[in-house]
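# Kindly return the folded structure for what I paste below:
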Amino acid sequence: MLHPTYFGTLTQLALCAQYPEAIVWEIHDNYQKQTFRNRCYIATNQGSLLLSIPIQHAKGARQRTKEVRSEPSEKWNELHWKSIVTAYRSSPFFEFYEDDLHPFFECGDVSLLEHSRKSISFMLKALQLSGELRTTSSYEVTPNEKVVDLRGLVNAKTKNKIVLTPYPQVFDSVCGFIGGISPLDLLFNVGPKEARSYLEQIDLSALF
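Numbering: from 1, shown residues only. Below you'll find the predicted structure:
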């Protein structure tokens, strides 16, 4: 069981690649700060860059993630798209996905949950993985024993237990390999076939 995040994470997509029939996405949780629900990182010539979707906070009350909307006044969508284009326009495969990716950044007022689900669906389709997103029907603090609860992977401050093998990146000659960033980086740099193979070979044993 996983939380939908902004274009997913490498660990989440590795789980999708290796256990395609077992993945269930949590959609009934309460929104929490400092998570990948509304953020991701990309690799630039200055190192890792945070792209964070600002949200409209409800005063004095918890919000369910599916009720959260982005804050359009900060024009985050324009900033994110400009940052992605600047970082990846010279990568080998960016041009193949540019037209399909751009619509994600045309509007600054979006449902955070739906934006995350659509962005993950984009990644699954691009990587030719199972595109069906099975979702929870209710929130369970402790799922039944048959479910592997990996919702904690959404926390941005949790140390990543997965060791990643370096792959070619646009700025690796300047910055070295940058880990812990969006799977968009993997897709743009090595293409769908090699990216899928990379995800299939990640050792996930530390999660179980």
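# Apart from its chain neighbours, what residue comes closest to residue 196?
On the basis of CB to CB, 6 or more residues apart in numbering, the spatially nearest residue to residue 196 that is not a chain neighbour turns out to be residue 127, at 4.9 Å. For the C-beta atoms, the positions are set from N, CA and C on the backbone; glycine is no exception.
# thought that neighbour was touching residue 199?
Yes - using CB atoms under 8 Å, residue 127 makes contact with residue 199 at a distance of 7.2 Å.
# Could you tell me which residues touch both of the two?
Both residue 127 and residue 199 are contacted by 13, 17, under the criterion CB atoms under 8 Å, 6 or more residues apart in numbering.
# In terms of secondary structure, what does the longest helix seen in the chain contact?
Among the elements of the chain assigned as helix by DSSP state H, the one spanning the most residues is helix 183-201. Under the contact criterion of 3 or more CB pairs under 8 Å, 6 or more residues apart in numbering; DSSP states H and E, the helices and strands touching helix 183-201 comprise helix 10-18, strand 39-44, helix 76-88, helix 94-101, helix 112-126.
# So which bits of it are buried?
Applying a neighbour-count criterion of 16 or more other CB atoms under 10 Å, one finds 183-192, 195-196, 198-199 buried in helix 183-201.
# Let me see the mean pLDDT of that helix.
For helix 183-201, mean pLDDT is 98.
# and if you look at stretch 101-111?
Averaged across stretch 101-111, pLDDT comes to 97.
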